[in-house]
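Undergrad: Give the three-dimensional model of this entry:
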Amino acid sequence: MIVDLYSSEMDVSVTELRAHLAAWIAQVQQGEEVTITDHGRPVARLVPAGTAARIKDLIERGVLGRPQSPVRQRISKHDRVPMSGTLEDLPRDEWR
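TA: Here you go, the predicted structure:
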């Protein structure tokens with residue numbers, strides 16, 4: 001799908017965003033908000049970077065907040081994989 005960068009519609013597919021990232025970033029730098037879609041469904045938004053005052057406002061309104069616990073505590077012990085050896089111990093074709 002080709003999206004007209006100059007139309008009032010500010011939705012862009014992931015494919016189009018990748019192909020013309022600089023142009024979309026320029027739109028955001030001018031204050032536009034862009035919705036990124038994947039197969040027609042909204043998945044993310046590009047918005048102008050906020051100032052400290054904007055972030056403070058979002059925190060006060062309850063939109064943003066600090067994590068309830070450090071990320072490390074939220075990772076289950078079962079999610080951790082014990083490691084042994086080094087990368088050099090693996091055959092080169094397994095370095096991924």
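Undergrad: what's downstream of the helix or strand hosting Ala26, the next helix or strand?
TA: Using DSSP states H and E, Ala26 maps to helix 21-29. Using DSSP H and E, the helix or strand that directly follows helix 21-29 along the chain is strand 34-38.
Undergrad: So which residues make contact with that next one?
TA: 10-14, 17, 24, 27-28, 42-47 (C-beta atoms under 8 Å, 6 or more residues apart in numbering). To be clear about C-beta, it is placed using only N, CA and C from the backbone, and glycine gets the same treatment.
Undergrad: mind listing what's buried in the very next helix or strand once past that strand?
TA: Per DSSP H and E, the first helix or strand lying C-terminal to strand 34-38 is strand 41-46. For strand 41-46, the neighbour count (16 or more other C-beta atoms under 10 Å) marks Leu46 as buried.
Undergrad: Other residues contacting strand 41-46?
TA: For strand 41-46, the surrounding residues in contact (C-beta under 8 Å, 6+ apart) are Asp11, Val14, Trp24, Ile25, Val28, Glu33, Val34, Thr35, Ile36, Thr37.
Undergrad: Direction included, what does it pair up with?
TA: Sheet partners assigned to strand 41-46 using DSSP bridges are listed as strand 34-38 (antiparallel).
Undergrad: quick one: the partner strand to helix 21-29, angle?
TA: Here strand 34-38 points in a direction 140 degrees away from that of helix 21-29 (axes from the mean of the first three to the mean of the last three C-alpha atoms, to 10 degrees).
Undergrad: Rounded mean pLDDT for strand 34-38, please.
TA: The average pLDDT within strand 34-38 is 92.
Undergrad: low-confidence ranges in this structure?
TA: 1-9, 50-53, 67-83, 87, 94-96 (pLDDT under 70).
Undergrad: okay, now Pro48: neighbour count?
TA: Using other C-beta atoms under 10 Å, Pro48 is surrounded by 13 other residues.
Undergrad: for it, helix, strand, or coil?
TA: coil (DSSP: H, G, I helix; E, B strand; the rest coil).
Undergrad: looking at it, it is touching Val28, isn't it?
TA: Yes: between Pro48 and Val28 there is a contact at 5.7 Å, judged by C-beta atoms under 8 Å.
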